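# Here is the input, now give the coordinates:
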Amino acid sequence: MIPVTPLASEKPSVLASDISERLNAAIREHLLSAFAPDSTKTLRSFSAPEAADLLGVSGQFMRKMHAEGAIPEPKDVRGGRRFYTAQELWSAREILEKSSRKKGRYLPRRSRNEKLQIWQLMNFKGGSSKSTTSIHLAHYFALRGYRVLVVDLDPQGSLTSMCGISPEIEFDGLTVYDAIRYDDPVSMADVVVPTYFPGLSIAPSRLLLSEFETESAVNSNADHPFFTRIRNALTQVEEDFDLVLMDSPPQLGFLTIAGMAAASSLIVPMTPSMLDVSSTAQFLELAGAYMGVIEDAGATLQYDNFKFLITRDEPTDVPSQQLTSFMRALFQDRVMSATALKSTAISDATMLKQSIYEVVRSEMTRATYDRAKGSMDAVGHEVEVMIHQSWGRK
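Now for the predicted structure:
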């Protein structure tokens, strides 16, 4: 434990500095105890039934493929039961895709004629589960064979932390800021790093990214408009990915608007409370005004999808269900059919900077786990259907 000592001074600047130092020390200690000694995250293995489900095949088919030597045995076999790493599943996908009669069944990647999907999650209000939804969507798609890039546009770096890079522990690598800054930007390819999760890469963030807000107010002009910075950076790596997920800060600043200008689809996560509904209404009013301004400045905004996602959904809570019904009646199919449930399983996982896909089912109440995972699977599947529609697939 961090020893508690009297604060050095009541002077506000010193007080804030002391509190910051104490919090950062506690955070470092927590992260070092929660993860490996080298502060790296690792991904659990998946049982044979989980592996078959992720590959979209039956257990019998998996056993047949192993018996024929079509796919190699996993390294982890305990008592005759197979356990697969995510990398072994990724390799199995590549092997099965080569022999599949239906192209894209095991590796559903986009073709050259299908545009890169860039989805931005945004809202005014903190606590709307933007980062939680972003990481769950990222893991859902990576586990299904898509090449996913997450772009953390929030200087607080919550998504960065959940991807195994801790800004709190002396992270000094390149970030999104380095690719979109006005003075001598680097290539986005130098910023993007693979994560511990096969198929998932990240363009990380840290507090320095907040400088983009100040610099844009000074440097953005007709020759170097701020709203093209993210779009141009993503163009440098678009051949390497099928899907980009951008997590925005809880404000409508230059970063969020530049993300809007780069996005091909938008998701607005919101909790079913009157305060959040009112806040979202104000957010969208301002967003609409800013969209008009940047369109007048020459930007082309065209979204395949503009959806609301109900998060922290409580099916047994009558007032929240009334608000959900109100939103569905008002906006109809703009509100996603799937909702992200309020769940102790998801809350417990995010406390350890994990998604529900990283949790072993046996480590918690199975019914709770199944409800939480089923909820996030439904959200991911609905987004997947929209992506395939954007690509013109059946």
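
# Chain neighbours aside, what residue packs nearest to K115?
Nearest residue to K115 in three dimensions, chain neighbours excluded: S264, at 6.8 Å (Cβ to Cβ, 6 or more residues apart in numbering). Just so you know, the C-beta spots here come from the backbone N, C-alpha and C atoms, and that holds for glycine as well.

# what residues does the lengthiest helix in the chain touch?
Of all segments of type helix in the chain, defined using DSSP state H, the longest is helix 366-390. Defining contact as Cβ atoms under 8 Å, 6 or more residues apart in numbering, one finds that helix 366-390 is touched by 115, 117, 119, 133, 136-137, 140-141, 144, 243, 264-265, 267, 304-305, 307, 309, 313, 336-341, 343-346, 355-357, 359, 361, 394.

# tell me the contacts of the most centrally placed residue in the chain?
For the chain, the residue nearest the mean C-alpha position is S134 (2.5 Å; Cα atoms, centre = their mean). Neighbour list for S134: L121, V150, L159, L245, M246, D247 [criterion: Cβ under 8 Å, 6+ apart].

# got a list of what the fourth one touches?
Right, the one you point to is L245. W119, L121, S134, L137, A138, V148, L149, V150, V151.

# could you redo the last one with a cut-off of 6 Å?
W119, S134, L137, A138, V150 (Cβ atoms under 6 Å, 6 or more residues apart in numbering).

# Paired strands for the one helix or strand it maps to, with orientation please.
Following DSSP states H and E, the helix or strand that holds L245 is strand 243-247. Strands that pair with strand 243-247, judged by DSSP bridges, come out as strand 117-121 (parallel), strand 148-152 (parallel).

# Distance from the helix or strand following that strand to the middle of the chain?
As assigned by DSSP H and E, the chain's next helix or strand after strand 243-247 is helix 254-262. Offset of helix 254-262 from its chain centre (Cα atoms, centre = their mean, to the nearest Å): 16 Å.

# before we move on, the earlier item: contacts only, for the residue nearest to K115.
Here S264 is in contact with Q117, I118, D304 (criterion: Cβ under 6 Å, 6+ apart).

# go with 7 Å
Neighbour list for S264: K115, Q117, I118, Y303, D304 [criterion: Cβ atoms under 7 Å, 6 or more residues apart in numbering].

# Sort out which of the contacts of helix 366-390 are buried, if you could.
117, 119, 133, 136-137, 140-141, 144, 243, 264-265, 267, 304-305, 307, 309, 313, 336, 338-341, 343, 345-346, 355-357, 359 (16 or more other Cβ atoms under 10 Å).
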